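Engineer: predicted structure and sequence below. I'll ask about it afterward.
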Amino acid sequence: MEPKQLTVSPIVVGASTVGMVYKDGVLLCADTLASYGSLRKFKSIHRIAPVGLNTLIASSGEYSDFQETVRILQETALADWVNQDGVVMSAAHYANYLSAILYQRRNKGDPLYNASLVGGMVAGKPYLAYLDLYGLKLEGAWQVSGMASYLCRGILGTEHRPDLTEAEAKALAEKCMRAVFYREARAHDNIQFATITSQGLNIEAPYVFESTWNLQGFEHYSLNPLYP
């Protein structure tokens, strides 16, 4: 019997995700690119998925591990529905369960190489959590993953408010994704929004945002002493 082979490094990866609480619910945003190493290979994949009827998940990192995570959570949602006991798992339950799975996989040396955002409505209030491949779980009014962790924390920390309208939240998320697109080779300008409110969840069709490349810093980068 051949020894079991474990994934030792991500291969096909997605870049940043952005999530935030707004006045009516939770907004998640991700681009539609999955890169094969440095090759921008898959340009129309979806990195946001529903879990049951009241939860959304978006992930950076290895795309096949994201698919496995979604499969695990959807199986859990199905088992929850089959019970028909009047108790429905919420986004907080799924986040806690996923945290335990990630921690278990990490301890086995076979981690799921993702940083994920889980959002939904819990007891009528918006809920948003960040989870990494070690099982760490952080809850907050906004969360980011991938390069957005380095490039968008200042933007969100300055401009985010819990009373944002949906349009304002989308504009802020687009601003974050534009900042990432300008600076990361494995980011894309084709992005997708998903929202979840007390009325249910909605995953929108991707669209291409406007970008400008005639900035002086882009045109004359060779004048920068770091690029002689």
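Structural biologist: It's in.
Engineer: what's the burial count for residue 136?
Structural biologist: Residues within reach of residue 136, counting by other CB atoms under 10 Å, total 13. C-betas here are computed from N, CA, C, even on glycine.
Engineer: can you give me the strands for the chain?
Structural biologist: All strands of the chain, identified by DSSP state E, fall at 12-14, 17-21, 25-31, 34-36, 39-42, 48-51, 55-62, 114-122, 125-131, 137-139, 142-145, 190-197, 200-203, 207-208.
Engineer: end to end on stretch 110-117, go ahead and measure it.
Structural biologist: Stretch 110-117 has its terminal residues 21 Å apart, counting by CA to CA, to the nearest Å.
Engineer: about what we covered before: adding distance to residue 173 and mean neighbour count, write the strands of the chain out as a markdown table.
Structural biologist: As requested, these are exported to a markdown table (distance: least, CB to CB, whole Å; neighbours: other CB atoms under 10 Å):
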| stretch | distance to residue 173 | mean neighbour count |
| --- | --- | --- |
| strand 12-14 | 16 | 23 |
| strand 17-21 | 5 | 28 |
| strand 25-31 | 4 | 27 |
| strand 34-36 | 20 | 19 |
| strand 39-42 | 21 | 12 |
| strand 48-51 | 12 | 22 |
| strand 55-62 | 11 | 26 |
| strand 114-122 | 12 | 26 |
| strand 125-131 | 13 | 22 |
| strand 137-139 | 18 | 14 |
| strand 142-145 | 9 | 26 |
| strand 190-197 | 7 | 21 |
| strand 200-203 | 14 | 16 |
| strand 207-208 | 12 | 11 |
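Engineer: which one of the ones you listed lies closest to residue 99?
Structural biologist: With CB to CB as the criterion, residue 99 lies closest to strand 137-139 of these, at 4.3 Å.
Engineer: in the protein, what spans have low per-residue confidence?
Structural biologist: Residues of the chain meeting the criterion pLDDT under 70: 1-7, 217-228.
Engineer: quick one, what contacts residue 172?
Structural biologist: Shown in contact with residue 172 (CB atoms under 8 Å, 6 or more residues apart in numbering): 20, 155-156, 159-160, 164.
Engineer: again, only using 6 Å
Structural biologist: residue 159 (CB atoms under 6 Å, 6 or more residues apart in numbering).
Engineer: how much space between it and residue 113?
Structural biologist: 28 Å (CB to CB, to the nearest Å).
Engineer: excluding chain neighbours, what is closest to residue 176?
Structural biologist: Nearest non-adjacent residue to residue 176, counting by CB to CB, 6 or more residues apart in numbering: residue 152, 4.0 Å away.
Engineer: give me phi/psi at the one you found?
Structural biologist: Torsion angles at residue 152 (phi, psi; degrees, to the nearest 10) stand at phi -120, psi -10.
Engineer: for it, grab the count of nearby residues.
Structural biologist: When counting by other CB under 10 Å, one arrives at 23 neighbours for residue 152.
Engineer: with the one 3 residues further on instead?
Structural biologist: Other residues lying near residue 155 total 19 when counted by other CB under 10 Å.
Engineer: now do the same contact list for the closest residue to it other than its chain neighbours.
Structural biologist: In space, and not counting its chain neighbours, residue 155 is closest to residue 176: 5.5 Å by CB to CB, 6+ apart. Contact analysis of residue 176 by CB under 6 Å, 6+ apart lists 18, 148, 152, 155.
Engineer: let's have the residues you listed in a markdown table, adding distance to residue 108.
Structural biologist: Below are these laid out as a markdown table (distance: CB to CB, whole Å):
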| residue | distance to residue 108 |
| --- | --- |
| 18 | 30 |
| 148 | 29 |
| 152 | 32 |
| 155 | 37 |
